[in-house]
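Peer 1: sharing a sequence plus its predicted fold:
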Amino acid sequence: MHFAIRYLTEYRYREPVTDNLNALRVKPATTPCQRVDDFAVRVEPETRLTQHLDYYGTTVIEFGISKPHEQLAIDVRARVVTTPAAPPPEADWEPAVTAEYAAHGGEYLLAFGAEPDDIAIDELVGLSRAATPAATLQAVTELIPDRFEYRPGVTYVGSTVEDLLTAGAGVCQDFAHLALVLLRRHGVAARYVSGYLFAPPAGDEGADSAEVDTHAWIEALIPAAEGEPVWVAADPTNRGLAGERHVKIGHGRHYSDVPPIKGVYRGGATAELEASVRMTRTDTASRTAPAAG
């Protein structure tokens, strides 16, 4: 699939601010299933942009605005081509307990912070164990939406897995965090993925363009019977593997590793924020049913 993507963010401050320093993670990644044909960022007030890769390999664009200003606009545009991923390997559990697998999985096998350790998690781990790591990944992505309701407004960006367990509902970020906990308990290395999902609203499935939110899913390191293990993308919000409608920005161990924008400024002013992402299909491929964002 071919997509034109525009990410627009605007901050309005109640009084002038200075020394506004920001780090953006908004550039689509280059992967075996994704190609970036064009990418540009425009910031107003104009300033110099610098770019580097962070510890996890995600592109970070940084800038600072020292002079007083009452508004900040960030306009990001990209053209991306996605292709289907190969089916995940179907090896049994034996390769997943080797030193070689642990070396590839690294810190993605470790718990992140104070993850919950109670009977509710133990039950979910037991229910999601399957004959192979690939089957376990599929079981996790089906179990979470079966047990928890997708409902915006119940949690917030700083919510924990414990909050999801208590509320019984959450959004894609919460589902991804829970999937990471379960997979790591099974000994499967897993990482958090941030990006966009092309999902036109219900009733408009054939639309070429849609307003979307930043989406979250996961990648699990699935061992192969021969050769190196493979990172396989799966979307627990939409109970299956991630596909051509998913556009990856970056990955880390947790949401906090890949926020779209993080910044600080000098001044006591509060800010009003407006943000939007529009994805437009620029090819003529057949349409399928929409997914939850």
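Peer 2: On my side now, so go ahead. Quantities reported herein were computed from a predicted structural model and do not represent experimental measurements.
Peer 1: going forward, measure contacts and count neighbours with C-alpha atoms only.
Peer 2: Noted.
Peer 1: can you tell me the strand partners of the helix or strand encompassing residue 70 and which way each runs?
Peer 2: Here residue 70, judged by DSSP states H and E, is contained in strand 69-82. Here strand 69-82 is paired, per DSSP bridges, with strand 2-24 (antiparallel), strand 34-44 (antiparallel).
Peer 1: hey, which of those strands is tucked in deepest?
Peer 2: The highest mean neighbour count among the strands paired with strand 69-82, using mean count of other Cα atoms under 10 Å, belongs to strand 2-24: a mean of 18.
Peer 1: which stretches in this protein count as helices?
Peer 2: Assigned by DSSP state H, the chain shows helices spanning 99-105, 119-128, 133-147, 161-167, 172-185.
Peer 1: nearest to residue 258, out of these?
Peer 2: helix 172-185 (11.6 Å; Cα to Cα).
Peer 1: starting at the chain centroid, how far to the closest one?
Peer 2: Taking Cα atoms, centre = their mean, to the nearest Å, one finds the center of helix 172-185 at 12 Å from the center of the full chain.
Peer 1: elements contacting that helix?
Peer 2: If contacts are counted by 3 or more Cα pairs under 8 Å, 6 or more residues apart in numbering; DSSP states H and E, helix 172-185 sits against helix 119-128, helix 133-147, helix 161-167, strand 190-197, strand 214-222.
Peer 1: looking at these, which is nearest to residue 275?
Peer 2: Among the helices and strands packed on helix 172-185, strand 214-222 comes nearest to residue 275, with 10.3 Å by Cα to Cα.
Peer 1: partners of the closest one, with directions?
Peer 2: Counting by DSSP bridges, strand 214-222 is paired with strand 190-197 (antiparallel), strand 230-235 (antiparallel).
Peer 1: stretch 68-82 - what's its average pLDDT?
Peer 2: Averaged across stretch 68-82, the pLDDT comes to 97.
Peer 1: let me fix that: stretch 156-165
Peer 2: The model assigns stretch 156-165 a mean pLDDT of 90.
Peer 1: got the buried residues for it?
Peer 2: 160, 161, 162, 163, 164, 165 (16 or more other Cα atoms under 10 Å).
Peer 1: give me the contacts around that stretch.
Peer 2: 115, 116, 120, 155, 170, 173, 174, 177, 178 (Cα atoms under 8 Å, 6 or more residues apart in numbering).
Peer 1: just to revisit the earlier point, can you check which of the strands paired with strand 69-82 gets nearest to residue 140?
Peer 2: strand 34-44 (24.7 Å).
Peer 1: chain center to the closest one, what's the gap?
Peer 2: On Cα atoms, centre = their mean, the centre of strand 34-44 falls 18 Å from the chain's centre.
Peer 1: follow-up on the earlier one: contacts for the strand holding residue 70?
Peer 2: By Cα under 8 Å, 6+ apart, strand 69-82 touches 1-18, 26-28, 33-45, 244-247.
Peer 1: tell me which of the strands paired with strand 69-82 sits nearest to residue 197.
Peer 2: Across those, closest to residue 197 is strand 2-24 (Cα to Cα), at 10.8 Å.
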